[in-house]
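Asks: Please work out how this folds:
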Amino acid sequence: MKIAVIVNRFPVVSETFIMNQILGAIERGHEVHIYPLTLHNPSGNLSQMSQVLEKYNLFNSISYPPTIPQNYLLRLLKGFGLLLANLHRGSMACLSLLNFFKYGQPAYSLWLLYQGISVSGGSYDVIHSQFGFLGSKALLFRNLGILQGKLITSFRGYDISQYVQEHGDRVYEQLFAEGDFFFANCEFFRQQAIKLGCDREKIVVHGSGIDCYKFAFSPRHFPADGKIRLATTGRLIEKKGIEYSIRAIAKVVQKSPEIEYNIIGDGALRESFEQLISELNLGHIIKLLGAKQQQEIIKILDQSHIFIAPSVTAANGDRDAPINTLKEAMAMGLPVISTYHGGIPELVEDGVSGFLVPERDSNAIADKISYLIEHPECWGEMGQAGRSCVEAKYDMNKLNDELVKVYEQLMNSEIP
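Replies: So this is what the prediction gives:
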């Protein structure tokens, strides 16, 4: 099969689930072309991902859109030059993308034209758009004859929560009517898509997988030195709810001073969290470690006893699916504490693999941390339950087999 993957940026450290799907298709003998619709602006420390790109020779499979000059006249001249230079790829179909009455600012800025030229002439068995808003753009390109193939769109969280709140409930109306098939990364978001008009027969749950072999299971025991180490991995943004775990630690430390809380990740709220930690006099307990490479994260988790993922619904409507950081911690045997939020209850079974509490409830988080500290005998059983769940539902290799099977069924018209 010949597969086009439409992404926003590539590669992105926080989107390893996309890389995993691409590599899975390649390993199963299929040809993959990657179309980032944003200029080459990689995110995060990419040294490990660069090694993967080289190993699979992916640099030759990525088509970035051309650089856009700042000067509008030069931008216009370069755009028409690109149209002429790509006539053999059917670039003249991109002229329709200059209709700013229909397409607004993206057309007037010529950004849409440059994107269209970058994908023009592509004929594929399957076009897989990662995120709903990219599915809408891929549909536009397909309808104009710029890109050809059966269109699959994956909904992953922001695109079916915050994006809908910002653009209205009809934002995917045309995509749902004309797209060939859809994935949601959890049942919660599948139901959201159906409420917005997606045919329930054309959308299935396909989770984001992890490589379970990279996250070795280790039963947790009460440490000999008596110091309980807790950890959280995630961007420092509102949706991750880290403010509430920080406040929970302030309550727990009153009874259990021998704890350590490591927060891995970076983001816009770092300064705010530093101030909060200082105000609560927790600088000796809570460490903001910043962004880390995967192997560094694994080392920190390996030395931890409890994992916290206190996700909340952000003011802008953004929500989480079953997040990969939780899967990784569970795969390694950590008992977890998370929230009744988005798709997370599909991953964490309350009282079995960990605990779930209401969103923004630092008291409830504190209660569950204290319970786990006082009952270390349950760590092993919870950790094993978490590992079993991840292996059964989120193993990358199983999910990649399922993905390719859907591609083949769609290509062979077995999916109506």
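Asks: now Ser338, what's its secondary structure?
Replies: Look at Ser338: counting by DSSP: H, G, I helix; E, B strand; the rest coil, its state is strand.
Asks: Local confidence estimate at it?
Replies: On the pLDDT scale, Ser338 is placed at 98.
Asks: and what of Pro416?
Replies: Confidence at Pro416, expressed as pLDDT, is 64.
Asks: And for His40?
Replies: His40 carries a pLDDT value of 60.
Asks: now swap in Thr67 and tell me
Replies: You'll see Thr67 listed with a pLDDT of 89.
Asks: Does Phe273 touch Ile246 like I think?
Replies: Yes. Taking Cβ atoms under 8 Å as the definition, Phe273 is a contact partner of Ile246 at 6.5 Å. Where C-beta positions appear, they are placed from N, C-alpha and C, glycine not excepted.
Asks: neighbour count winner among the two?
Replies: Set side by side, Phe273 and Ile246 give different neighbour counts by other Cβ atoms under 10 Å, the larger being at Ile246 (24 against 17).
Asks: Excluding chain neighbours, what is closest to that one?
Replies: Of all residues beyond its chain neighbours, the one nearest Ile246 is Leu276 (5.7 Å), with distances taken as Cβ to Cβ, 6 or more residues apart in numbering.
Asks: Equivalent analysis for Leu347, please.
Replies: Pro322 (3.6 Å).
Asks: contacting residues around that neighbour?
Replies: The contact partners of Pro322, by Cβ atoms under 8 Å, 6 or more residues apart in numbering, come to 185-186, 207-208, 343-344, 346-347, 394.
Asks: rerun that using 7 Å as the cut-off
Replies: With Cβ atoms under 7 Å, 6 or more residues apart in numbering as the criterion, the residues that contact Pro322 are 186, 207, 343-344, 346-347.
Asks: any idea how far Leu53 lies from Phe10?
Replies: Leu53 sits 9 Å away from Phe10 when distances are taken as Cβ to Cβ, to the nearest Å.
Asks: for Ile264, same thing?
Replies: Using Cβ to Cβ, we find Ile264 at a distance of 23 Å from Phe10.
Asks: With neighbour numbers in mind, choose between those two.
Replies: Between Ile264 and Phe10, counted using other Cβ under 10 Å, the more crowded position is Phe10 (25 against 19).
Asks: From what I see, the more buried one and Pro36 are in contact.
Replies: Yes. Checked against Cβ atoms under 7 Å, the pair Phe10 and Pro36 is within contact range at 4.3 Å.
Asks: Give the intersection of the neighbour lists for the two.
Replies: Taking Cβ under 7 Å, 6+ apart as the contact criterion, the common neighbours of Phe10 and Pro36 are Ile62.
Asks: C-terminal to the worst-scoring helix or strand of the chain on mean pLDDT, what's the next element?
Replies: Among the helices and strands of the chain, helix 47-55 carries the lowest confidence by mean pLDDT, DSSP states H and E, at a mean of 77. If you walk from helix 47-55 toward the C-terminus, the next helix or strand you reach (DSSP states H and E) is helix 72-85.
Asks: can you list contacts of that following helix?
Replies: The set of residues that contact helix 72-85 without belonging to it, under Cβ under 7 Å, 6+ apart, is 66, 68-69, 91-92, 94, 110, 113-114, 117.
Asks: again, only this time at 8 Å
Replies: Residues from elsewhere that reach helix 72-85, judged by Cβ under 8 Å, 6+ apart: 66, 68-69, 91-92, 94-95, 110, 113-114, 117.
Asks: Show me where the stretch 1-150 of the chain has its strands.
Replies: Along the stretch 1-150 of the chain, counting by DSSP state E, counting those that start in this stretch, strands occupy 2-7, 31-36, 122-130, 147-155.
Asks: Buried residues, the second one. List them.
Replies: Neighbour counts over strand 31-36 (16 or more other Cβ atoms under 10 Å) mark 32-36 as buried.
Asks: got the angle for that strand vs strand 2-7?
Replies: Relative orientation of strand 31-36 versus strand 2-7 (axes from the mean of the first three to the mean of the last three Cα atoms, to 10 degrees): 20 degrees.
Asks: Alpha carbons only: can I get strand 31-36 in CSV?
Replies: Backbone C-alpha positions of strand 31-36 (Å, rounded to 0.1, in the frame of the first residue of the first chain) are rendered in CSV as follows:
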residue,chain,number,x,y,z
GLU,A,31,5.3,2.8,1.6
VAL,A,32,4.7,5.9,3.7
HIS,A,33,5.0,9.6,2.7
ILE,A,34,4.7,12.3,5.4
TYR,A,35,3.2,15.7,4.8
PRO,A,36,3.7,18.2,7.6
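Asks: ends of stretch 253-269, how far apart?
Replies: The separation between the terminal residues of stretch 253-269, taken as Cα to Cα, to the nearest Å, is 23 Å.
Asks: ok, now stretch 313-320?
Replies: Counting by Cα to Cα, you get 8 Å between the two ends of stretch 313-320.
Asks: Just the buried residues of it, please?
Replies: 313-314, 318-320.
Asks: How about residues contacting it?
Replies: Stretch 313-320 has contacts (Cβ under 8 Å, 6+ apart) with 157-158, 161-162, 164-166, 237-240, 311, 341-344, 359.
Asks: Quick one: buried ones out of the residues you listed?
Replies: Of those, these count as buried by 16+ other Cβ under 10 Å: 157-158, 161-162, 164, 238-240, 311, 341-344.
Asks: Verify the contact between Ala268 and Lys240 for me.
Replies: No. Counting by Cβ under 8 Å, Ala268 does not reach Lys240; the two are 11.1 Å apart.
Asks: for the closest residue to Glu402 other than its chain neighbours, phi and psi?
Replies: The spatial neighbour of Glu402 that comes closest, neighbours along the chain excluded (Cβ to Cβ, 6+ apart), is His206 at 6.6 Å. The phi and psi torsions at His206 (degrees, to the nearest 10) take the values phi -140, psi 100.
Asks: List the contacts of His206.
Replies: By Cβ under 8 Å, 6+ apart, the contact set of His206 is 154, 183-185, 399, 402-403, 406.
Asks: ok, those residues vs Ala385, which is closest?
Replies: Distance to Ala385 across the contacts of His206 (Cβ to Cβ) is lowest for Leu399, with 20.2 Å.
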